[in-house]
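>>> Predicted structure and sequence below. I'll ask about it afterward.
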Amino acid sequence: MKEMSMTAAVHAEWTKLRTLPGTAWLLLAAVALTAGLGAAVSAAVSCPSAGCGQDAARLSLTGIQFGQAVVAVLAVLVISGEYSTGMIRTSLTAVPRRTVLLAAKAAVLTAAVLATATVAVLDSVLAGRLILPGSGFTAAHGYPPLSLADGPTLRAAAGSVLYLALIALLSLGVATAVRDSAAAVAIVLALLYLFPVVSQVVTDPHWHRHLQQIAPMTAGLAVQTTTGLRGLPIGPWAGLGVLAAWAAGALLLGGTLLRARDA
């Protein structure tokens, strides 16, 4: 059998992603959960006349913290679903170079998540722009309407899109390494949600700050911050770089194990 080129492998993976049961629903759920919770938070907070010291852009993007779980599940299913059905053997027969197979999956997954995340983030920012003024976030209180023409807000929005794409790649790497869907989802969610909890129980200020700097979610979501940057444990883009390192490490581990083990 003639080996597939990278282009053919990407096309095949795109076909598999489109026909994977639940793909469309998971992508729709990611948008709905991200935008819906962002809108709910924007409606629930209030900014009194004395001032509130809140970050309006970050408030509108709160839903990212929950939408990422759906993205993680989708990314895990991209490869673990093939292991559960035995289809991975067919995939590896068609694409014997396993790193090419993983790269094709990563490319297709990234494209799908970037498109979905863009819709979710734009909806979140629009909801914040419409809802937050009614919660007291007005120009009189120092909060002009959210706009992507504002540099910090644009960075928070674009960074959130990249954040979700990196979460997908991190999840894909973990799933490739452990193969089992439930175990992979559990590991990813623990990294995202338990890591910050552990850092909160550390009383030493130095280690508390250090844990926040290396936790994938805490560091990665620093990119959403538009006010009080000097008080952050890590800078916005540096924090996203930490998440990128986690994703790269997971993919490297997954790719290494994929090449070393039998299907």
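Great, that's in hand. Numbering: from 1, shown residues only.
>>> Now do the helix or strand containing residue 73: distance to the chain's middle.
Here residue 73, judged by DSSP states H and E, is contained in helix 64-85. In terms of CA atoms, centre = their mean, to the nearest Å, the centre of helix 64-85 is found 11 Å from the chain centre.
>>> cool, and stretch 164-183?
Counting by CA atoms, centre = their mean, stretch 164-183 comes out at 11 Å from the chain centroid.
>>> list the buried ones in that stretch?
164-179, 181 (16 or more other CB atoms under 10 Å). (Glycine included, C-beta is placed from N, CA and C.)
>>> Filter those down to the ones in helices?
Taking DSSP state H, the ones among the buried residues of stretch 164-183 that sit in helices are 164-178, 181.
>>> just curious, which of those residues is nearest to residue 236?
Nearest to residue 236 out of those is residue 166 (CB to CB; 13.9 Å).
>>> show me what contacts that closest one?
Contacts for residue 166 (CB atoms under 8 Å, 6 or more residues apart in numbering) come out as 220, 240, 243-244, 246-247.
>>> Can you identify the element that follows the helix holding residue 73 toward the C-terminus?
Helix 64-85 is succeeded, C-terminally, by helix 87-94 (DSSP H and E).
>>> Beyond that following helix, next helix or strand please.
Past helix 87-94, the next helix or strand by DSSP H and E is helix 98-131.
>>> what angle sits between that following helix and helix 64-85?
150 degrees (axes from the mean of the first three to the mean of the last three CA atoms, to 10 degrees).
>>> And helix 98-131, what does it pack against?
If contacts are counted by 3 or more CB pairs under 8 Å, 6 or more residues apart in numbering; DSSP states H and E, helix 98-131 sits against helix 6-19, helix 23-44, helix 56-60, helix 64-85, helix 87-94, helix 151-178, helix 236-260.
>>> Just the buried positions in the fifth one, please.
Meaning helix 87-94. Across helix 87-94, burial judged by 16+ other CB under 10 Å covers 88, 91-92.
>>> Kindly reformat the residues you listed as JSON lines containing pLDDT and distance to residue 116.
Below are those laid out as JSON lines (pLDDT from 0 to 100; distance: CB to CB, whole Å):
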{"residue": "88", "pLDDT": "85", "distance to residue 116": "25"}
{"residue": "91", "pLDDT": "85", "distance to residue 116": "24"}
{"residue": "92", "pLDDT": "83", "distance to residue 116": "28"}
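>>> Any chance of the contacts of residue 166 in JSON lines with neighbour count, distance to residue 145 and pLDDT as columns?
Shown next, in JSON lines, are those (neighbours: other CB atoms under 10 Å; distance: CB to CB, whole Å; pLDDT from 0 to 100):
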{"residue": "220", "neighbour count": "30", "distance to residue 145": "26", "pLDDT": "96"}
{"residue": "240", "neighbour count": "24", "distance to residue 145": "26", "pLDDT": "97"}
{"residue": "243", "neighbour count": "26", "distance to residue 145": "29", "pLDDT": "98"}
{"residue": "244", "neighbour count": "20", "distance to residue 145": "31", "pLDDT": "98"}
{"residue": "246", "neighbour count": "23", "distance to residue 145": "34", "pLDDT": "98"}
{"residue": "247", "neighbour count": "23", "distance to residue 145": "34", "pLDDT": "98"}
